[in-house]
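1. okay, sequence plus prediction incoming.
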Amino acid sequence: MTTPRSGCPTNAAVEALGDRWSLVVLHDIMFGDRRHFRTSQRESDEGIASNILARRLRDLVAAGLLTREGPGAGRRAAAYSLTEAAIQLVPVLAELGWWGLRHCPTSEPLRVRAQVLDDGGPQLWEELMNSLRERHLGMPPPETGGHL
C-alpha cells in the first residue's frame, strides 16, 4: 500500500480504494463470487475492459485488499480472494448502495442486492462477512452458542 497524501483517514481510504472500477471489482468478487479474470470480465454488468480489469486487480492486490493465487494443480487460471481488510468493506458497500438507491438512477435488476443489504441491516452484513471469511480466508464460521 502506498503512503497517502495526508494523514486524513477519509483521504487514506479513498486513495486505497482508488477509483470507481476498484469498487466495482471488489463488489463483483464480494457479492458475485467472480474470483477469476475471465469470469469477472465476461459477467461484468458495467462492461469493464480487460486492460482496466487487469490493472485494478493488480492494484487491489498491491493495496492488500485481494490476494492472488496463481494457476496450479487442477486450476487453469489465477484466483483472487478477499483479504480481511476487503471483507470489512461490506458495511461500507452496503451504505454506498443504500445511498445510491435513494439518490441515483438505477436499474431494477441491479437494485436488488443493495435493497437486500439495506433490508437485512448490520446482522445480515455480519453474516455475509463471516461467510466471506470462510470462503476466502478458510476461517471456520463463528460459534453460535449452544452445545459443545
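-> Arrived safely.
2. and stretch 61-70, how far apart are its ends?
-> 13 Å (Cα to Cα, to the nearest Å).
3. which residues touch that stretch?
-> By Cβ atoms under 8 Å, 6 or more residues apart in numbering, the surrounding residues in contact with stretch 61-70 are 1, 16-18, 26, 29, 57, 60, 78-83, 85-86, 89. Yep, even glycine has a C-beta here, placed from its N, CA and C like the rest.
4. how about a cut-off of 7 Å?
-> 1, 16, 26, 57, 60, 78-83, 85-86 (Cβ atoms under 7 Å, 6 or more residues apart in numbering).
5. also stretch 31-38?
-> The contact list for stretch 31-38, computed with Cβ under 7 Å, 6+ apart, reads Asp28, Ile29, Ser40, Glu43, Leu53, Leu57, Ala77, Ala78, Ala79, Tyr80, Ser81, Arg113.
6. in space, what's closest to the fifth one - neighbours in sequence excluded?
-> With sequence-adjacent residues excluded and distances taken as Cβ to Cβ, 6 or more residues apart in numbering, Leu53 is closest to Gln41, at 5.5 Å.
7. ok, the last one next?
-> Nearest-residue entry for Arg113: Phe31, 5.7 Å, with adjacent residues in sequence omitted and distances by Cβ to Cβ, 6+ apart.
8. mind listing what's buried in whatever helix or strand the one you found lives in?
-> Assigned by DSSP states H and E, Phe31 belongs to helix 20-32. Within helix 20-32, the residues scored as buried using 16 or more other Cβ atoms under 10 Å are Trp21, Ser22, Leu23, Val24, Val25, Leu26, His27, Asp28, Ile29, Met30, Phe31.
9. tell me who's in contact with Leu93.
-> Counted by Cβ under 7 Å, 6+ apart, Leu93 has contacts His27, Met30.
10. who's in contact with the longest helix seen in the chain?
-> The single longest helix within the chain, with elements called by DSSP state H, is helix 108-132. Outside helix 108-132, the residues that touch it by Cβ under 7 Å, 6+ apart are 30-31, 45, 82, 87, 90-91, 94, 97-98, 100-101, 141-142.
11. what sits closest to the spatially most central residue of the chain if chain neighbours are left out?
-> Nearest to the mean C-alpha position of the chain, by Cα atoms, centre = their mean, lies Leu26 at 3.0 Å. Leaving aside its chain neighbours, Leu26 sits nearest to Ala86 (6.0 Å; criterion: Cβ to Cβ, 6+ apart).
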